[in-house]
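Q: heads up, no residue letters with this:
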DNA sequence: TGCATTTCTTGATATATGTCAAGAGCAAAG
DNA sequence: CTTTGCTCTTGACATATATCAAGAAATGCA
């Protein structure tokens, strides 16, 4: 079973084996080398990928500065949703931080799933609502927590990441400078 | 045509009149007085409402402090999505800031729409993706903008709100204290 | 109309976080 | 190995924002 099947199965345990096969048969495995881009800003994003292994960074250039919006790990989907669904210009860059294996489906095939798997709309909805909730939590963390608290909270839940990616990216996605990040980090060690 | 029909029609102009009628027939109009709660934390949220007129504040109590997560105006949906979809305990309080008219549908009826309106799944998806994108932008604003910039940006797009609700709530949803909000406001007037 | 309550503003001050600049530590590439 | 870039850390300092406390203004209510 691929990570993809495993993911769908465990999160949305409402899919029978046939449907699972149908869905996953549309996803093609391919590989990104470290540094490769899955997507660049202003292009159209016509595919949706699922991370089998590796790490992707979602970021954007904002007057001279790079803002990291998110780092996606194994088990996450990666796409520019508004571009994928609405055909809008992509808002994000997506780049591999390490060699990364992806299961990818193009938009055309994606549309076919709806017809072949009646439950797909439901799965899709649950998936979107889950994503929505995660974003709500993230906003809440910015309304209610200090940089230090955000660091702490993220560290608790994503320890592994801290020795896999440049820390400046984590700093950025938590909304602080690398220097602040470094100082908070030092404090935690004492 | 109700605000609801107008909304569905203009945003997702893919619905024919019959479907529009079917959908909106499930929504019942009712009224909240100022101060009334549509939802309280930890309850189950088994309905989804659409604001015909008025204002709702989505907030939560966070050690002694209230954090306003969002203020919903005419044309917005209001619900606790994760509670509505996953039957989880509600994460948010939703309270009317002024007398508010709502079109509300309960979960049972909501499920019926899927069967009656084949395009519903698609509408729902587009709606969720739109919401998702708005939240992405909000997160981005916290990663890339100062309090003053967030104020400015929000003011540009929501002028009307500023003389309709206590400013402290807007301050909170923008992630700053009422004092900071007040000082920024003063600066803008000069 | 006037009292009570809530909301907003302001000043003084504290704290958190950002900026800039330099150097240290590491890791990839010759 | 050495060199060359990155990345991370650190210090000094600047700035943004929070906190606390008081009073002013606005609002709702009797």
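A: Received it, and whenever you're ready, just let me know what you need. Since we're looking at a predicted model, the values are computed, not measured.
Q: element containing the residue nearest to residue A:68 when sequence neighbours are not counted?
A: The spatially closest residue to residue A:68, leaving aside those adjacent along the chain, is residue A:172, at 3.9 Å (CB to CB, 6 or more residues apart in numbering or on different chains). The C-beta positions use only the backbone N, C-alpha and C, and glycine is treated the same way. Assessed by DSSP states H and E, residue A:172 sits inside helix A:167-173.
Q: Let me see the contact set for the residue nearest to residue A:68.
A: By CB atoms under 8 Å, 6 or more residues apart in numbering or on different chains, the residues touching residue A:172 are A:59, A:66, A:67, A:68, A:178, B:143.
Q: I'd like to know how far the fourth one sits from DNA strand C.
A: Okay, so that is residue A:68. As judged by CB to the nearest atom of the strand, to the nearest Å, residue A:68 and DNA strand C stand 13 Å apart.
Q: buried sites along whichever strand or helix holds that residue?
A: Assigned by DSSP H and E, residue A:68 belongs to strand A:65-73. For strand A:65-73, the neighbour count (16 or more other CB atoms under 10 Å in any protein chain shown) marks A:67, A:68, A:69, A:70, A:71, A:72, A:73 as buried.
Q: same thing with stretch A:177-189?
A: Buried residues in stretch A:177-189, counted by 16+ other CB under 10 Å: A:181, A:184.
Q: All the strands of chain A, residue numbers only.
A: Using DSSP state E, the strands of chain A run over A:28-32, A:37-39, A:47-53, A:55-62, A:65-73, A:77-78, A:93-96, A:100-106.
Q: Buried residues, the fourth one. List them.
A: Of all the residues in strand A:55-62, those buried under the rule 16+ other CB under 10 Å are A:55, A:56, A:57, A:58, A:59, A:60.
Q: Dump the residues you listed to CSV, plus pLDDT and distance to residue A:163.
A: Below are those laid out as CSV (pLDDT from 0 to 100; distance: CB to CB, whole Å):
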residue, pLDDT, distance to residue A:163
A:55, 95, 12
A:56, 96, 17
A:57, 96, 16
A:58, 97, 20
A:59, 96, 20
A:60, 96, 25
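Q: And residue A:26, how close does it get to chain B?
A: Applying CB to the nearest CB, to the nearest Å, the value for residue A:26 to chain B is 18 Å.
Q: Nearest spatial neighbour of that residue, chain-adjacent residues omitted?
A: With sequence-adjacent residues excluded and distances taken as CB to CB, 6+ apart, residue A:26 is closest to residue A:109, at 4.3 Å.
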